[in-house]
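Visitor: Okay, predicted coordinates and the sequence, questions at the end:
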Number of protein chains: 2
Amino acid sequence: MSEEMRPRLTAEERREQILAAASVVFGERGYAGGTTDAIAKEAGVSQAYVVRMFGGKENLFRAAADRAAARVRFAFRDTIAGFRGDEDLDEKRLALSMAYIGLMADRGLLLTLLHLFSLGHDPVLGPVARDCFLDVFRVVRDEAGFTGPEATEFFSRGMLTTVLLAMRIPDSAGRPEADELMSCAFGERTTDLISLMQGQVPLDDAAR
Amino acid sequence: MSEEMRPRLTAEERREQILAAASVVFGERGYAGGTTDAIAKEAGVSQAYVVRMFGGKENLFRAAADRAAARVRFAFRDTIAGFRGDEDLDEKRLALSMAYIGLMADRGLLLTLLHLFSLGHDPVLGPVARDCFLDVFRVVRDEAGFTGPEATEFFSRGMLTTVLLAMRIPDSAGRPEADELMSCAFGERTTDLISLMQGQVPLDDAAR
DNA sequence: TACGCTAGTAATCGATTGATAACATGTCAA
DNA sequence: TTGACATGTTATCAATCGATTACTAGCGTA
């Protein structure tokens, strides 16, 4: 944004800043398309610092993806912790769906995960992808008390939601099929999400 | 593979060869990660020819994605054409699911589409992504006679299936959660798909 | 057989990218 | 104060990639 005085931070604080920036950039452009330079600009540091702090782009992506998966797990566990124990399946499903949809506010988080999942062929990131997915799956199945088919059904919905987010389906709002698809997939939060996603402006030229 | 005599082909035949190669390469590495050189090697032609025939990488990806979406539509329409008219929802759903799963045999087809869907932010490819998705959606809803919610549910399953394919979930076969997830998502075709996906060897170094 | 069109390739270029090395600056303890 | 370590930056490099240009070879046909 603006050129401001940038105070020295601890490595820990910078690390978090860079990971947040990496989440935005990798979320929008994917692993191969996201450059360390764009991430550095987004975080307000030099490209060399980004690379050296994480020891390479691959490690940086891995860290950003791990962080994203950890946040999804936390959001689910946080929701589950609020259960009283007498909820039926529909109540639990709705609560977890709302938690998932809430994660969309963190621009890039779910998209970074989707890009991770598309790297199954990669010898290093492929196993990371499968581990992240299965870790979250286990949380929903075991800690929320879903059966296997119930958890699978829940993840189906989640993947459609994520793909629609990646596709920027609200950009097609007004077309009848798009409107119906969104209202079926997002339910009562459809209008929220339309304004949310449309507010997410693309990375500016400065970060290119 | 082997160095063979390469006869002259018509432009139409070469075009199809290159699109098939592009589907494989883009499916595995995505738009940004898939190089025109890898596609050229996969198709057995020079990199310059690939670029010039399609007028640039973006047009090539667009053509490969359009071709993939057209094949999905064709597979669905072909299935629907076999309906007698007295099927119930479950029968239609199962038949269409089988058609979709059958598309996995074409290495790269569904993965190229998934990568396309992740480009919603792109000013050129974003609209292409939304159009492709909505076109297929319309086929299922209108021509197969699904309601909006039924079609949405069907596409949820499809997106999970596709993500599991991208993730190479069969590489985690043996782990209990992975096995349960696959049996829930793939049903009776689970073992087919495990052998199918594991037979899909990564692109070799020569095509790097 | 010479001509013109189509199907190709080899060579090369400029831009981008991830990475590294060398250097600078701030902070804190002895 | 000084010195040692942590927080950064600038400059630069080798590799890669998409694209362009110039050239070559096959093939039907007038």
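Guide: Sure thing, it's come through.
Visitor: Counting neighbours, what do you get for the closest residue to A:G120 other than its chain neighbours?
Guide: Among residues not flanking A:G120 along the chain, B:R168 sits closest, at 3.4 Å (C-beta to C-beta, 6 or more residues apart in numbering or on different chains). All C-beta spots, glycine's among them, are computed from the backbone N, C-alpha and C. Around B:R168 there are 21 other residues, counting by other C-beta atoms under 10 Å in any protein chain shown.
Visitor: so what does the longest helix seen in chain A touch, helix or strand wise?
Guide: Looking only at chain A and at elements set by DSSP state H, the helix with the highest residue count is helix A:57-81. The helices and strands touching helix A:57-81, judged by 3 or more C-beta pairs under 8 Å, 6 or more residues apart in numbering or on different chains; DSSP states H and E, are helix A:11-33, helix A:36-43, helix A:47-54, helix A:89-102, helix A:109-117, helix A:125-138.
Visitor: quick check, the fifth one touching DNA strand C?
Guide: No. Contact between helix A:109-117 and DNA strand C is absent, the nearest approach being 13.4 Å (criterion: C-beta under 7 Å from any atom of the strand).
Visitor: what comes up buried for the longest helix of chain A?
Guide: Neighbour-count burial for helix A:57-81, with 16 or more other C-beta atoms under 10 Å in any protein chain shown as criterion, is recorded at A:57, A:60-69, A:71-73, A:75-76, A:79-80.
Visitor: Flag every residue of chain A that's near DNA strand D.
Guide: When proximity is defined as C-beta under 7 Å from any atom of the strand, chain A approaches DNA strand D at A:6, A:8-14, A:44-49, A:52.
Visitor: The lowest-mean-pLDDT helix or strand in chain A to helix A:89-102, inter-axis angle?
Guide: Using mean pLDDT, DSSP states H and E, helix A:190-198 stands out as the lowest-scoring helix or strand of chain A, at a mean of 89. With axes from the mean of the first three to the mean of the last three C-alpha atoms, to 10 degrees as the criterion, the two stretches helix A:190-198 and helix A:89-102 enclose an angle of 20 degrees.
Visitor: packing partners for helix A:190-198?
Guide: Based on contacts counted as 3+ C-beta pairs under 8 Å, 6+ apart, the elements that helix A:190-198 packs against are helix A:176-186.
Visitor: The helix it packs on - contacts with which helices or strands?
Guide: Counting by 3+ C-beta pairs under 8 Å, 6+ apart, the packing neighbours recorded for helix A:176-186 are helix A:148-167, helix A:190-198, helix B:125-138, helix B:148-166.
Visitor: And for it, what's in contact with it?
Guide: Outside helix A:176-186, the residues that touch it by C-beta atoms under 8 Å, 6 or more residues apart in numbering or on different chains are A:101, A:157, A:160-161, A:164, A:169-170, A:172-173, A:190, A:193-194, B:130, B:134, B:137-138, B:141, B:148-149, B:151-152, B:155-156.
Visitor: possible to save the helices and strands packed on helix A:57-81 as a markdown table with mean neighbour count?
Guide: Output for these, formatted as a markdown table (neighbours: other C-beta atoms under 10 Å in any protein chain shown):
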| stretch | mean neighbour count |
| --- | --- |
| helix A:11-33 | 20 |
| helix A:36-43 | 22 |
| helix A:47-54 | 16 |
| helix A:89-102 | 16 |
| helix A:109-117 | 26 |
| helix A:125-138 | 20 |
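Visitor: Mean pLDDT added to these, as a markdown table?
Guide: Formatted as a markdown table, the entries for the helices and strands packed on helix A:57-81 read as follows, by pLDDT from 0 to 100:
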| stretch | mean pLDDT |
| --- | --- |
| helix A:11-33 | 97 |
| helix A:36-43 | 98 |
| helix A:47-54 | 98 |
| helix A:89-102 | 97 |
| helix A:109-117 | 98 |
| helix A:125-138 | 98 |
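Visitor: picking up where we left off before, for DNA strand C, state which of the residues of chain A next to DNA strand D is nearest.
Guide: Proximity of the residues of chain A next to DNA strand D to DNA strand C, judged by C-beta to the nearest atom of the strand, is greatest for A:A48, which lies at 3.2 Å.
Visitor: how close does that closest one get to A:T36?
Guide: Look at A:A48 and A:T36: by C-beta to C-beta, to the nearest Å, they are 9 Å apart.
Visitor: for A:L164, what are its contacts?
Guide: Per C-beta under 8 Å, 6+ apart, neighbours of A:L164: A:L181, A:M182, A:A185.
Visitor: do A:I169 as well
Guide: Contact criterion C-beta under 8 Å, 6+ apart gives A:A178, A:L181, A:M182, A:M197, B:G120, B:R130, B:F133 as the residues in contact with A:I169.
Visitor: so which two of those are the farthest from each other?
Guide: The most widely separated members of these are A:M197 and B:F133, with 15.3 Å between them, by C-beta to C-beta.
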